[in-house]
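*Asks:* Structure for the following, please:
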Amino acid sequence: MAKKQPQKPKKSMKELLKLKGQPQIPKVGDIMKGRIIEIGPHRVWVDLGPLGTGEIFSREIESSLTDIKKLKVGDEVSAYVVYLENEEGFIELSLRRASQKIAWQELAEIKDLAKVVVVKILQANLGGLTCEVKGIPAFIPLSQLSLEHYPHMGGDRAKILKKLKEFIGHEFKVKIIDINRKEGKVIASERQAYLEKVKQKIKQWKVGDVLQGKVKGIVDFGIFIEFGKGLEGLVHISEISWQQIDDPHELYKVEDKIKAEIIAIDNGRVSLSMKALKKDPWIEAKGRYEVGRTVQGKVTKINPFGAFVGLDKNIQGLIHISEFKGREREMRDTLEVGKTYKFKILSFEPEEHRLGLALVTEVTKEKKGA
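*Replies:* Numbering: from 1, shown residues only. Presented below is the predicted three-dimensional model:
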């Protein structure tokens with residue numbers, strides 16, 4: 001005996017739209033719920049109550065987050081309305097589009113509520129790690145990794161990639177920080193999830209506290225310090241020393257013990273300073289550097305706006321580009337990094353850590369002696 005086919009709606013969708021007192025008529029893009037009444041080799045039929053029967057083609061199931069093999073008669077499904085009435089008179093539905101729409105809605109809710117979710121790392125590249133949230137691909141940028149997982153390898157790209165690949169298959173706790181459904185992009189942050197966890201722990205600390213910790217990681221812009229139980233803080237390169245530091249790797253290594261002062265706590269982020277625990281050499285230098293005095297100094301760096309000059313271990317002055325008529329080429333032709341010259345102090349502002357210089361040339365000497 002031939003299998004009885006599911007019944008089409010007794011009235012067409014156009015006729016239903018004209019009637020009053022009928023159930024709310026869906027529109028294309030809506031999500032509808034119904035119960036499976038029959039599963040065929042290439043399609044599934046869904047009972048939609050007074051609206052009749054919905055039809056789902058296998059291609060609209062297989063590419064969804066739903067496994068077609070697990071579907072059975074009587075199951076309730078949520079499906080996306082593709083056509084209100086196809087050529088066969090059924091409401092055409094899609095589980096694929098429904099699962100995607102629902103997943104994006106859930107992602108938006110996770111982001112808005114700042115929920116922490118657990119993800120499995122699927123791939124790694126030099127930019128960060130990839131994972132999935134609710135079946136949607138997501139990316140964790142390098143800058144959004146926690147201190148524990150950040151690859152503190154300096155600029156060694158091979159070592160960074162090797163370290164990141166070690167996390168494939170591991171589970172991370174993350175927060176969703178950005179969603180762009182149009183471009184299909186989701187950005188996740190392990191660092192934000194970490195900050196949420198430590199907010200309560202950080203309450204025991206305050207600005208001005210001095211702490212003992214150890215170097216957990218070194219990057220171009222500073223040093224990450226681990227202190228307390230699982231807490232971290234950053235000593236920015238400008239807060240390491242009163243001296244100019246070009247590369248923190250030259251001064252410290254991982255596991256070195258460090259003493260630092262908390263200078264800021266902002267939303268779980270702790271900023272530290274090592275130089276705050278030392279006397280300000282600029283204040284002590286007031287008697288040594290006076291306007292009009294001639295001093296010797298070594299050029300340490302040349303920038304488009306001027307050249308930095310080391311006068312002693314801690315004090316650096318600046319000879320501005322204007323001293324060379326605003327010509328960078330002339331400045332670079334006159335000065336050489338690593339060489340010592342005589343300079344005249346034009347200005348000295350110790351509270352602002354500023355000292356202005358002018359080059360003393362042989363011509364100026366002759367003029368003085370004339």
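*Asks:* Lys216 is in contact with Lys257, correct?
*Replies:* No. Lys257 is not in contact with Lys216 according to C-beta atoms under 8 Å; the separation is 11.7 Å. The way it works is simple: take the backbone N, C-alpha and C, and place the C-beta from them, glycine included.
*Asks:* ok, these two, which is more surrounded?
*Replies:* Lys216 (19 against 10; other C-beta atoms under 10 Å).
*Asks:* which SSE is that one in?
*Replies:* strand 210-219 (DSSP states H and E).
*Asks:* And that strand, what's buried?
*Replies:* Buried residues in strand 210-219, counting neighbours by 16 or more other C-beta atoms under 10 Å, are found at 211, 213, 215-219.
*Asks:* Likewise for stretch 129-142?
*Replies:* Buried residues in stretch 129-142, defined by neighbour count with 16+ other C-beta under 10 Å: 129-131, 133-134, 136, 138-140.
*Asks:* quick revisit: next helix or strand past the strand holding Lys216?
*Replies:* strand 222-227.
*Asks:* ok and that following strand relative to strand 210-219, angle-wise?
*Replies:* Taking axes from the mean of the first three to the mean of the last three C-alpha atoms, to 10 degrees, strand 222-227 and strand 210-219 form an angle of 130 degrees between their directions.
*Asks:* Which secondary structure elements does strand 222-227 sit against?
*Replies:* Contacts defined by 3 or more C-beta pairs under 8 Å, 6 or more residues apart in numbering; DSSP states H and E place strand 222-227 against strand 210-219, strand 231-236, strand 257-266.
*Asks:* Let me see the residues that make contact with the first one.
*Replies:* Under the criterion C-beta atoms under 8 Å, 6 or more residues apart in numbering, residues 147, 150, 152, 154, 205, 223-228, 232-233, 248-249, 252-262, 272, 277 lie in contact with strand 210-219.
*Asks:* Of those, which count as buried by neighbour count?
*Replies:* 147, 150, 152, 205, 223-228, 232-233, 248, 252, 258, 260-262, 272.
*Asks:* just to revisit the earlier point, may I see the helices and strands packed on strand 222-227 organised as CSV, with distance to Trp242 and mean pLDDT added?
*Replies:* Formatted as CSV, the helices and strands packed on strand 222-227 follow (distance: least, C-beta to C-beta, whole Å; pLDDT from 0 to 100):
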stretch, distance to Trp242, mean pLDDT
strand 210-219, 17, 88
strand 231-236, 13, 89
strand 257-266, 14, 92
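*Asks:* can I get these in a markdown table with distance to His353?
*Replies:* Formatted as a markdown table, those follow (distance: least, C-beta to C-beta, whole Å):
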| stretch | distance to His353 |
| --- | --- |
| strand 210-219 | 22 |
| strand 231-236 | 15 |
| strand 257-266 | 16 |
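*Asks:* Compare the ones you listed and report which one is nearest to Val28.
*Replies:* Of all the helices and strands packed on strand 222-227, strand 257-266 sits nearest to Val28, with 47.0 Å by C-beta to C-beta.
*Asks:* Helix or strand next in line after the closest one, which one?
*Replies:* strand 269-273.
*Asks:* Now do the very next helix or strand once past that following strand: distance to the chain's middle.
*Replies:* Later in the chain than strand 269-273, the nearest helix or strand by DSSP H and E is helix 281-284. Taking C-alpha atoms, centre = their mean, to the nearest Å, one finds helix 281-284 lying 38 Å from the centre of the chain it belongs to.
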